[in-house]
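# What follows is a predicted protein model with its sequence.
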Amino acid sequence: MNNSDKVGFREIFGTAAMGLTDGLAAALMTSFFLQYLTDYAGLGAFGAVVGSSVLLFSRIFDAVNDPIEGWIMDRAKVGKHGKYKPFIILSILTAFVGVTALFFIPEGISPALAVVWVIFFYLLYDMGSSFYAPNLIFRTLTLDQNERGKLLIAPRIVSMMTGMVTAVLIAMVTGVNKSINNMHTSFGLTVGGLLLVTTVISLIGISLVKERHHAERDEDEKVRITDIFKLLKENKALRVNVSAALFSGFIWTFLFATMLYYIKWGLCADLTTGAVDNAKYALYSGISSMLMFVPLVGGTLIAAPIMKKIGDPMKFIRILLLCQAIPCGVVFLLQVLGILQKMPWLFLVCAAVTTTAVGMGYIPGSTVDIEIMDYEIYKNGKDRSGLQIVDKVTSNVKIRSHFSFFNSERGVIVVVLT
């Protein structure tokens, strides 16, 4: 018999391709937006003020906007193209328009108009990105947790690979500039061209996805925006999961926010003179950069079959949390004992184990997130998946994206907005 919950190449390719624009837009905004404002948009130091202020305002805006967008998705009816596909399409298009415009601020624009331009198109992108909630699509495609695990792998890897485009962005802009001789215009054309390509691929991807499973809904049933408070009160699984995410998220943030500083000043510097062994620093920083990518990709690839063998995503999550906590505890103990500085490889090994566990955790973690949506439908008879997912996903992504480090002619500006 055909298994209606089994996912094939069509679904895997479609869900992976549909996230290209969202991944590239997030990478561009995280890595280059503030640098573009200060160094290429002609705004100088004022660009830093505009960018930082907009990012701060967006956090306040998200607190109001995200639940509203979740409420809108929950109230939507299942139409010809499904319930959530139209929102993914809207997200892809708004990301393309919003981010392209943010990297193509008109030359010679007045400071006041520049502020209006940035605020308008940033909010357009921000609202669109909140509608990009792929777990809602994954939930409708299959009810089998192992099949859901398969769906999660490709989008995760594609998102990471897309982010690597930013590593060669300046080289691409420079290449375009050889013909145009205007870095401002070259930046806009390069970003716009890249986003145009990913937008076409993303739209093709989402067109291949067909939603299968939707909760039955009475015509009189109304999903209210205040249901977000009921969710936290009545759905213990959601409450516990959100609380756990608050703590486990610190491991990733602290590890990569502080790793390069520790490598430089803890392992490669003579603190009595302030001299840094640059050759050693280059070697160790290169290894640490690989630790941000290879273990995450590798962990994602092996997580699904391991989860299937264990048979329980929650048990797998508990094991992975121990695999993150124990190496961190070892690092702390070795540092206190003065051993870590003498044996840097121990630090790198512990970091590798931790990052691999973090990478593996995405699959069972997302599987549990989706199951919590199922549980809400089962327990209360309401599909409030949009309210459950939008605020959590956007806050996780955007908090990390607001650790923005960028250079300008006036030195290094560090913006940390939490």
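Perfect, thanks for sending it. Residues are numbered from 1 along each chain as shown.
# Now do the strands for this protein: every range, in order, please.
269-270, 275-276, 403-408, 411-416 (DSSP state E).
# Sheet-wise, list the partners of the first one with their directions.
The one in question is strand 269-270. The sheet places strand 269-270 alongside strand 275-276 (antiparallel), with pairing taken from DSSP bridges.
# quick one, phi/psi of Tyr84?
Note on Tyr84: its backbone torsions stand at phi -110, psi -20 [degrees, to the nearest 10].
# For the residue nearest to it when sequence neighbours are not counted, the count of nearby residues, please.
With Cβ to Cβ, 6 or more residues apart in numbering as the measure, Leu136 is the residue that lies nearest to Tyr84, at 4.6 Å, once sequence neighbours are left out. For glycine as for every other residue, the C-beta is placed from the backbone atoms N, C-alpha and C. Counted by other Cβ atoms under 10 Å, the residues lying close to Leu136 total 28.
# and what of the one 3 residues further on?
Under the neighbour criterion other Cβ under 10 Å, Arg139 is assigned a count of 28.
# can you check Val97 too?
Applying the criterion other Cβ under 10 Å, we find 17 residues in the vicinity of Val97.
# residues touching the closest residue to it other than its chain neighbours, list them.
The shortest distance from Val97 to any non-neighbouring residue, by Cβ to Cβ, 6+ apart, is to Leu124 (6.5 Å). For Leu124, the set of contacting residues under the criterion of Cβ atoms under 8 Å, 6 or more residues apart in numbering consists of Thr94, Val97, Gly98, Ala101.
# Please work out which residues outside stretch 266-274 touch it.
Contacts for stretch 266-274 (Cβ under 8 Å, 6+ apart): Trp265, Ala275, Val276, Asp277, Asn278, Lys280, Tyr281, Tyr284, Leu340, Gln341, Pro344, Phe347.
# repeat that for 10 Å
Residues from elsewhere that reach stretch 266-274, judged by Cβ atoms under 10 Å, 6 or more residues apart in numbering: 258, 262-263, 265, 275-285, 335, 340-344, 347-348.
# Need the pLDDT of the residue nearest to Val97.
According to the per-residue confidence, Leu124 scores 92 in pLDDT.
# Where is the longest helix in the chain?
Looking across the chain with DSSP state H, the single longest helix is helix 344-380.
# I'd say the residue nearest to Tyr84 and Ser385 touch.
Yes - with contact defined as Cβ atoms under 10 Å, Leu136 and Ser385 form a contacting pair (5.5 Å).
# Met172 and Thr190: what is the separation?
In this structure, Met172 lies at 5 Å from Thr190, with Cβ to Cβ, to the nearest Å as the measure.
# Next: Ile119.
In this structure, Ile119 and Thr190 are separated by 24 Å, where distance is defined by Cβ to Cβ.
# Compare those two (neighbour count), which wins?
Taking other Cβ under 10 Å, Ile119 and Thr190 do not tie; Thr190 has more neighbours (20 against 16).
# Next, the contact list for the residue nearest to that one when sequence neighbours are not counted, please.
Take Thr190 and drop its neighbours on the chain: the residue closest to it by Cβ to Cβ, 6+ apart is Val173, 4.8 Å away. Residues in contact with Val173 (Cβ under 10 Å, 6+ apart) are 32, 36, 40, 103, 180, 183, 185-191.
# now do 7 Å
The contact partners of Val173, by Cβ atoms under 7 Å, 6 or more residues apart in numbering, come to Met183, Ser186, Phe187, Thr190.
# Same list (these) but as JSON lines, adding distance to Val50.
As requested, the contacts of Val173 are exported to JSON lines (distance: Cβ to Cβ, whole Å):
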{"residue": "Met183", "distance to Val50": "19"}
{"residue": "Ser186", "distance to Val50": "21"}
{"residue": "Phe187", "distance to Val50": "16"}
{"residue": "Thr190", "distance to Val50": "22"}
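# Scan the residues you listed and report the most crowded one.
Using other Cβ under 10 Å as the contact criterion, the top neighbour count among the contacts of Val173 goes to Phe187, which has 25 neighbours.
# tell me which residues in stretch 272-289 are buried?
Under the neighbour-count criterion of 16 or more other Cβ atoms under 10 Å, stretch 272-289 has Tyr281, Tyr284, Ser288 buried.
# same deal with stretch 150-163?
For stretch 150-163, a neighbour-count test (16+ other Cβ under 10 Å) marks Lys150, Leu151, Leu152, Ile153, Ala154, Pro155, Arg156, Val158, Ser159, Met160, Thr162, Gly163 as buried.
# Check the gap between the closest residue to the fifth one other than its chain neighbours and Met360 for me.
Spelled out, it's Ala154. The shortest distance from Ala154 to any residue other than its chain neighbours is 3.7 Å, reached at Ala16 (Cβ to Cβ, 6+ apart). Relative to Met360, Ala16 is positioned 19 Å away (Cβ to Cβ).
# what's the answer for Pro106, then?
As it turns out, when the distance is counted by Cβ to Cβ, Pro106 lies 46 Å from Met360.
# re the thing from before, which one of the contacts of Leu124 is nearest to His81?
Thr94 (17.5 Å; Cβ to Cβ).
# Return the residues in contact with that closest one.
With contact set as Cβ under 7 Å, 6+ apart, Thr94 has these partners: Leu124, Tyr125, Met127, Gly128.
# Restricted to helices, list the residues you listed.
Secondary structure of those is defined by DSSP H; positions in helices are Leu124, Tyr125, Met127, Gly128.
# what two of these have the greatest distance between them?
Spatial extent of these (Cβ to Cβ) is set by the pair Tyr125 and Met127 at 7.5 Å.
# More neighbours: these two, which one.
Relative neighbour count places Tyr125 above the other of Tyr125 and Met127, with 25 against 19, counting by other Cβ under 10 Å.
# got the contact list for that one?
Shown here is Tyr125, whose contacts under the criterion Cβ under 7 Å, 6+ apart are Ala25, Thr94, Ala95, Gly98, Val99, Leu102.
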